[in-house]
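*Asks:* Kindly generate the corresponding structure for this input.
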Amino acid sequence: MTRSRGSVEHVVATYLDHLAVERGTSKNTLDGYARDLRRYVEFLQRNGITDPAAVEPAHVAEFGAVLREGDDEHRPLAASSAARALVAVRGLHKFASADGITTHDPARDVHPPAPARRLPKALPVDDVLSLLATPAPDGERPLRDRALLELLYSTGARISEAVGLDVDDIDTVERTVLLDGKGGRQRLVPIGRPALDALDAYLVRARPVLAKSGRGTAAVFLNARGGRLSRQSAWHVLKTAAERAGLSATVSPHTLRHSFATHLIEGGADVRVVQELLGHASVSTTQVYTLVTVTTLREVYATAHPRALR
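*Replies:* You can find the predicted model right below:
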């Protein structure tokens, strides 16, 4: 037989006080939890429940369904908001159980829905080619910028990996680049001939000029002071090139990396090969690019097949 100290409202007030005083939870988070738990209390009361010990797993699961589908009192919540509300409910019941207010935790096995996987933004091949053709062919920084953009798209490197490259990391004979990825993991990635040509032009004609202002760093990509190019500066290079190319799509620091992966998958590359090229620890991370391809196939089917919409 379960026992309780007071009503559900009392437990909620005690829990919020615990978060504020003992856990130091921010005001914004507390306000959000208070709103979510107030809705939860109303839901329980409509079901005739005022004692926290009377709450069962089915009640918590039903509340989750109401959050997603709405009811007579409330509109349905977005997936992220519904998940946040269930996190608040789980925290409430875990606290009540741990503090001895109840002898069971009805929310322990009720989990928030996994958030929808956001599809990476990738540019069409023609847009990538326009982007790569944009930097002017002459001058130290234009040559550097062209080499940087070509390398990002040719290897799928993160911007941090590209600016972290040293000259010895590029093997022009084997046509490979050694990238330092997350968690200290290194990977060897092939690099295409256009990117190698752009790198060669930069290393021969521009880098020595930029290096004169520095202190002899081994970095491939240098700034105007001869030091290693920063991630912020590399991101600015990409953004400026996108503006010059007149691209309407939003370009982020990962745009060329996402485009690299998507174009490989669309070209028939095995997802596990793309995983290795991207340096993903798990193939599940890479599989999101297969969703992009399926989405594209659906769009083509919907517009091209005479009975697709029937």
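*Asks:* From here on, just use CA atoms for contacts and neighbour counts.
*Replies:* OK.
*Asks:* Please, where are all the helices along the protein?
*Replies:* Assigned by DSSP state H, the chain shows helices spanning 8-21, 27-46, 57-69, 79-98, 125-133, 140-155, 159-163, 193-205, 207-211, 231-245, 255-266, 271-278, 283-286, 288-304.
*Asks:* among the ones you listed, which is the most enclosed?
*Replies:* helix 140-155 (a mean of 23; mean count of other C-alpha atoms under 10 Å).
*Asks:* So what angle separates the directions of that helix and helix 125-133?
*Replies:* Per axes from the mean of the first three to the mean of the last three C-alpha atoms, to 10 degrees, the angle that helix 140-155 makes with helix 125-133 is 150 degrees.
*Asks:* Could you point out which of the helices of the chain sits nearest A224?
*Replies:* Checking the helices of the chain against A224 by C-alpha to C-alpha gives helix 207-211 as the closest, at 5.9 Å.
*Asks:* gap between the closest one and the chain center?
*Replies:* Here helix 207-211 is found 35 Å from its chain centre; the criterion is C-alpha atoms, centre = their mean, to the nearest Å.
*Asks:* And the contacts of it?
*Replies:* Contact with helix 207-211 is made by E140, R144, T217, V220, F221, L222, N223, A224, R225, G226, G227, as judged by C-alpha atoms under 8 Å, 6 or more residues apart in numbering.
*Asks:* for stretch 181-191, same thing?
*Replies:* Outside stretch 181-191, the residues touching it (C-alpha under 8 Å, 6+ apart) are 151, 154-155, 161, 175-180, 276-277, 279.
*Asks:* follow-up on the earlier one: which among the contacts of helix 207-211 end up buried?
*Replies:* The neighbour count (16 or more other C-alpha atoms under 10 Å) marks E140, R144, V220, F221, L222, N223, A224, G226, G227 as buried among the contacts of helix 207-211.
*Asks:* Quick check, pLDDT for the first one.
*Replies:* In this model, E140 is scored at 92, pLDDT.
*Asks:* May I have the residues that are in contact with it?
*Replies:* Neighbours of E140 in contact, by C-alpha under 8 Å, 6+ apart: Y202, R205, A206, R207, V209, L210.
*Asks:* Could you check how far the fifth one is from N223?
*Replies:* If you measure V209 against N223 using C-alpha to C-alpha, to the nearest Å, the figure is 11 Å.
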